[in-house]
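Peer 1: Starting from these lines, generate the structure:
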Amino acid sequence: MSIDRIVLAFAGAMVLLSIALSLTVSPYWLILGAFVGLNLFQSAFTGFCPLAIVLKRLGVVPGCAFS
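Peer 2: The predicted model follows:
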């Protein structure tokens, strides 16, 4: 699995977790989903993603987006 797919899967999981926690615990958990969305948005333009950097250092194969 490439860095690109891991980043997308992780972001999706965080958004779903944010929604579940906002429904069961507190609506303030939606801030997590907003943060993930903003990070995805800015990485589309800048190519900077903290998770991609960590995965690259761990030796995960880069894809075309985070090479």
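Peer 1: ok, now which ones touch Phe66?
Peer 2: Phe66 makes contact with 3-4, 7, 47, 49, 52, 55-56, according to C-beta atoms under 8 Å, 6 or more residues apart in numbering. Using the backbone N, CA and C atoms, a C-beta is placed for each residue, glycine as well.
Peer 1: same thing with Ser43?
Peer 2: Applying C-beta under 8 Å, 6+ apart to Ser43 gives the contacts 49, 52.
Peer 1: Quick check, pLDDT for it.
Peer 2: If you check Ser43, the pLDDT there is 91.
Peer 1: May I ask which helix or strand encompasses it?
Peer 2: Taking DSSP states H and E as the criterion, the element that holds Ser43 is helix 30-46.
Peer 1: and that helix, which residues are buried?
Peer 2: Along helix 30-46, the positions that meet the burial threshold by neighbour count (16 or more other C-beta atoms under 10 Å) are 32-33, 36, 39-40, 43.
Peer 1: swap in stretch 16-27?
Peer 2: If you call a residue buried by 16+ other C-beta under 10 Å, then stretch 16-27 has these buried ones: 18, 21-22.
Peer 1: What is the nearest of these to Cys64?
Peer 2: Proximity of these to Cys64, judged by C-beta to C-beta, is greatest for Ser18, which lies at 27.6 Å.
Peer 1: does that closest one sit in a helix or strand, and which one?
Peer 2: Here Ser18, judged by DSSP H and E, is contained in helix 3-24.
Peer 1: counting contacts, what elements does that helix pack onto?
Peer 2: helix 30-46, helix 50-57 (3 or more C-beta pairs under 8 Å, 6 or more residues apart in numbering; DSSP states H and E).
Peer 1: which other residues reach the last one?
Peer 2: Judged by C-beta under 8 Å, 6+ apart, the contacts made with helix 50-57 from elsewhere in the structure are 3, 6-7, 10, 39, 43, 62, 66.
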